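Asker: Give the three-dimensional model of this entry:
(one chain, ligands or ions: 1)
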Amino acid sequence: MEKRDELYAGKAKSVYGTDDPNRLILHFRDDTSAFDGKRKEALERKGMVNNKFNAFIMDKLQAAGIPTHFEKLLSDTECLVKKLDMIPVECVVRNLAAGGLVRRLGVEEGIELVPPTFELFLKNDEKGDPMINESLAQTFGWATSDQLSRMKALTFQVNDVLKQLFQDGDMLLVDYKLEFGVFDGEILLGDEFSPDGCRLWDAKTREKMDKDRFRQGLGGVIEAYEEVGRRIGVNFG
Ligand code: 5GP
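Answerer: Now for the predicted structure:
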């Protein structure tokens, strides 16, 4: 597989073309951002940690029958993925109240959400990733009704698999964000799954072990990500 030009640089990952028009290389950088890119910092080892963490999770999800874009690890900070036609809608499931939900509704942080909630956001930094719904997504052509149903079903399937995985490592999967895309007419899970895009708390102490450590200036960000990985069996080498 030959690496070609950089096609796109996101806030934490860069995307490269390859000699195969249907495959891309994702490069996980050390860059970390929050508040829609308004706060940025490079955290040593983060690219490697998130790349290996994501590969481990994508493998688990594939094994559980959830189709993903992930193909294989290429290096400490790179992986090969299928080239998707990305749907600009972020799917968020919450098992416990935190973050945006607490801010928006004033509910107490940490209360259990039964059943878990499902929310949609438009992927648009300039507008601060505004909350949307199925009607808006269809009207503005961001996703079809069939695509939205499939994305919702897959997002909840991911919850079943990962809630258990993290519970086995004495952690609570508080919430997470997924992105999807289309490949050969099929909806596949795209982007990444890492502590950058989910909330994980220690089950006993409820200590935060995810990107909220960066957002809230708590320190020990990468150490926490590595601890999460160690508890679920990720090999960081
Ligand atoms: P909230 O709506 O509470 O800010 O976020 C809900 C969950 O989705 C959190 O786990 C958060 O990390 C994740 N999330 C929401 N939007 C984004 C985003 O634009 N980028 C990343 N990396 N994660 C996001």
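
Asker: contacts, neighbours, all on C-alpha from now
Answerer: Noted.

Asker: Can you name the residues that contact the nearest residue to E112 once chain neighbours are set aside?
Answerer: Closest residue to E112 apart from its sequence neighbours, by Cα to Cα, 6 or more residues apart in numbering: L96 at 4.5 Å. Contacts here follow Cα atoms under 8 Å, 6 or more residues apart in numbering; on that basis L96 touches E109, G110, I111, E112, L113, P116, V174, D175.

Asker: counting contacts, what elements does the one helix or strand the fifth one maps to pack onto?
Answerer: In the assignment (DSSP states H and E), L113 maps to strand 112-122. Contacting strand 112-122 under the criterion 3 or more Cα pairs under 8 Å, 6 or more residues apart in numbering; DSSP states H and E are the following elements: strand 85-96, strand 131-132.

Asker: who in this structure is up against the ligand?
Answerer: V92, A98, G99, G100, L101, D175, Y176, K177, D196, G197, C198, R199 (Cα under 6 Å from any ligand atom).

Asker: Mind doing that once more with 8 Å?
Answerer: Within the chain, the positions near the ligand by Cα under 8 Å from any ligand atom are 34, 36, 90-94, 98-102, 121, 123, 125, 129, 174-178, 195-199, 210-212.

Asker: Just after the longest helix along the chain, pick out the following helix or strand.
Answerer: Scanning the chain for the longest helix, with DSSP state H as the assignment, gives helix 145-168. Going down the chain from helix 145-168, the next helix or strand is strand 171-183, by DSSP H and E.

Asker: could you give the angle of that next one to helix 145-168?
Answerer: On the basis of axes from the mean of the first three to the mean of the last three Cα atoms, to 10 degrees, strand 171-183 is oriented at 150 degrees to helix 145-168.

Asker: Adjust the sequence numbering to begin at 55 for everything that follows.
Answerer: In the new count, where the first residue is 55, that last one comes out as strand 225-237.

Asker: now what about strand 225-237, what contacts it?
Answerer: 136-152, 205, 209, 216-217, 220-221, 241-247, 251-258.

Asker: Alpha carbons of it, as PDB, please.
Answerer: Taking Å, rounded to 0.1, in the frame of the first residue of the first chain, the C-alpha atoms of strand 225-237 are listed here in PDB:
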ATOM      1  CA  MET A 225     -15.400   1.400  34.100                       C
ATOM      2  CA  LEU A 226     -18.700   3.100  33.100                       C
ATOM      3  CA  LEU A 227     -19.300   4.000  29.500                       C
ATOM      4  CA  VAL A 228     -21.000   7.400  30.200                       C
ATOM      5  CA  ASP A 229     -21.600   8.500  26.600                       C
ATOM      6  CA  TYR A 230     -19.900   8.500  23.100                       C
ATOM      7  CA  LYS A 231     -20.100   9.900  19.700                       C
ATOM      8  CA  LEU A 232     -20.000   7.900  16.400                       C
ATOM      9  CA  GLU A 233     -19.800   8.900  12.800                       C
ATOM     10  CA  PHE A 234     -20.800   6.800   9.800                       C
ATOM     11  CA  GLY A 235     -20.300   6.800   6.100                       C
ATOM     12  CA  VAL A 236     -21.300   4.900   3.000                       C
ATOM     13  CA  PHE A 237     -19.200   2.300   1.200                       C
END
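
Asker: what about it, distance to the chain center?
Answerer: 5 Å (Cα atoms, centre = their mean, to the nearest Å).

Asker: Mind checking the pLDDT average for it?
Answerer: Per-residue pLDDT values over strand 225-237 give a mean of 99.

Asker: so after it, what's the next helix or strand?
Answerer: Next helix or strand after strand 225-237 toward the C-terminus (DSSP H and E): strand 240-243.

Asker: Sweet, I'm off.
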